[in-house]
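In: attaching a predicted model along with its sequence, questions to come.
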Amino acid sequence: MTRLAVESERWRPDSFVEAGLISFYLFIAFFVNLWGVPLFDLDEGAFAEATREMLLSGNFAATYLDGEPRYDKPILSYWLQSLSVSAFGIHEFAFRLPSALAASLWLVASYRFVKQEWDEQSALLTVAIMANVAIVGVIGRAATADAWLNLFISLTMFDMWRYMRLPQVRTLLTTYTWLALGVLTKGPVAIAIPLMAGGLFFTTTHQRKQFWKAVVNPMGWLVFAAILGPWLIAVYQDQGLGFFAGFLLDHNINRFTQTREGHGGSLLYYFVALPIIVLPFTGVLFTFLRRLRVFWSDALSRYLLLWFGVVFALVSMSKTQLPHYLLYGLTGVFFIFARYRDMLFSGTWQLLFPVGFMVLMFFLPDLVSLAADQSTRAYEADLLSRGHEVLNFNYRLLAALTCVAMVILAVVLRASQTYRLIALGVLQTLFIFNVFIDAVGELQQGPVKRAAELASQLGHDKVVAYGISMPSFSVYRQAVTPREAPGEADLIFTRADRLESLRRELREDLNIIFREGGIVLVERQYESQ
């Protein structure tokens, strides 16, 4: 048997049933209804529009958003979206497909690693856990760079561990390949996390010399430079030092030291966010935190814990905080959940968290209605006022049925606590990505998409965005919508809470031709002036 065949046998599922289960988990987590929800602004809209403009211009060296240089991320995710859109056309599915594939590879790579290092049952349970953690599904469906970054950070950490156990040149060069692809996806964070986590772990063992020798290996850095270098040269030729200043200073250093886009927090932010992020396994997390000392005695578990600890510390110190940042280190925690399942999945009380989440989902229409009544800003009030229309009887019925199904499974299903919680997780996943996300997408993004379709039908030459940053409007209109002074515009895309300032700036009555959910289109009438 060839070496390749041996490697394949080491990670391939041992039965059609197991392969079918893995495929099922990947399908419900990342692919079901991938096409059914409008692109979310800001991030999905920005990535999609930058990709659309890349294909239109034929410039694959640098990205532009509504005609202006975009320094937010490196290039790889845009290239991959471009391939998908070239194959399937301008559609939500095409923009999101690369992330769904990346997330699937992330879970398959995790399966392979856990099976090699521990056992097959733990590997299969790892996939079941990760696929049913809501935030993993969200990132795996979002038309952004994060699914790819999680994949490359994980592959780096896996191969770094393999290399330190069995030093081989091939493994070392593969590790540098993942590092380079991670940087090509989202920048220095792809190096910082593995370097800090690996440095902490291996410098406390007898392998510290081997680790630091690998870090400065010239062959590794040649591979790194060969992958990253050509694009760096190309983007410099296109945008000069602008990209490097904008990306490194503004979108890395300043994002770490300053609150950006209203995503501020505190040192305690992730202590509160973590139990929510890992739903439906919140109860497992609490048990895990009480047993940390047990896991510390095992070398691989300690390596995985340090990986998570480095990420938790970094994102907690950052002045810009978003929940999904924790995912950069949670992969290893999910491995520990699976490996120590008999210890961690214990107590009927753990089932209360997914059931409680569904109860909250049932009462969500009431909470949205209450928020709408209390809102003092025109945009939020208009947006939330559609809650009764979107979160309607059908939504509440499906939430109630899902909640009842969870209770029945929790009580009736004759299985271990582990598999009962997985079953509840499957129900949660199906509800979130077939009911909840549809409602949220319609509430926030439905009006943007319809406004763009109307603008496209009107065919005005000069369309501008005023006081609003929702680039999905440009995607659906399939035209650049610059953010500039509205004085010479034929059509103005704006928000309800910008109308008064727009009226003052134009010094004329506004001809509002579209207003829904806080989204407004104003058509100019020059002939009447």
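Out: Right, received. Where do you want to start?
In: got the buried residues for stretch 311-322?
Out: The neighbour-count check on stretch 311-322 (16 or more other Cβ atoms under 10 Å) flags 311-312, 314-316, 318, 320-322 as buried. For the C-beta atoms, the positions are set from N, CA and C on the backbone; glycine is no exception.
In: for it, measure first residue to last.
Out: 13 Å (Cα to Cα, to the nearest Å).
In: from residue 435, how far out is residue 426?
Out: Noted for residue 426: a distance of 14 Å to residue 435, by Cβ to Cβ, to the nearest Å.
In: again with residue 392
Out: For residue 392 relative to residue 435 (Cβ to Cβ), the value is 11 Å.
In: looking at those two, which is more packed in?
Out: residue 435 (20 against 12; other Cβ atoms under 10 Å).
In: is it true that the more buried one touches residue 398?
Out: Yes - taking Cβ atoms under 8 Å as the definition, residue 435 is a contact partner of residue 398 at 4.9 Å.
In: quick one, domains of the chain?
Out: As assigned by automatic domain parsing, the chain contains the domains 3-344, 350-444, 447-528.
In: would you turn those domains into a markdown table with mean pLDDT?
Out: Shown next, in a markdown table, are the domains of the chain (pLDDT from 0 to 100):
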| stretch | mean pLDDT |
| --- | --- |
| domain 3-344 | 90 |
| domain 350-444 | 94 |
| domain 447-528 | 92 |
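In: tell me where the longest helix sits in this protein.
Out: Longest helix of the chain, by residue count under DSSP state H: helix 92-117.
In: buried residues in that one, which are they?
Out: Residues of helix 92-117 classed as buried by neighbour count (16+ other Cβ under 10 Å): 92-115, 117.
In: for stretch 292-300, same thing?
Out: 295, 300.
In: and that stretch, how far apart are its ends?
Out: 13 Å.
In: 690 is where my numbering starts, stick with that
Out: With the count now opening at 690, the last piece we talked about shows up as stretch 981-989.
In: so which residues make contact with that stretch?
Out: Counting contacts by Cβ atoms under 8 Å, 6 or more residues apart in numbering, the residues outside stretch 981-989 that touch it are 806-807, 850, 977, 990-991, 994, 1025, 1029, 1032.
In: ditto for stretch 871-886
Out: Contacts for stretch 871-886 (Cβ under 8 Å, 6+ apart): 762-766, 834-835, 837-838, 841-842, 845-846, 849, 868, 870, 904, 913, 916-917, 920, 936-937, 940-941, 992, 995-996, 998-1000, 1003, 1017-1018.
In: tell me the buried residues within these.
Out: Buried among those (16+ other Cβ under 10 Å): 762-766, 834-835, 837-838, 841-842, 845-846, 849, 868, 870, 913, 916-917, 920, 936, 940-941, 992, 995-996, 999-1000, 1003, 1017-1018.
In: so which of those are in strands?
Out: Using DSSP state E, no member of the buried ones among the contacts of stretch 871-886 falls in strands.
In: just the helices from the stretch 990-1139 of the chain, written as ranges.
Out: 1016-1028, 1030-1033, 1041-1051, 1053-1063, 1067-1074, 1076-1079, 1082-1101, 1106-1120, 1126-1133, 1135-1147 (DSSP state H, counting those that start in this stretch).
In: pull the distance from stretch 844-862 to the chain's centre.
Out: Using Cα atoms, centre = their mean, to the nearest Å, the distance from the centre of stretch 844-862 to the centre of the chain it belongs to is 27 Å.
In: do stretch 1097-1110 as well
Out: For stretch 1097-1110, the distance to the chain centre is 30 Å (Cα atoms, centre = their mean).
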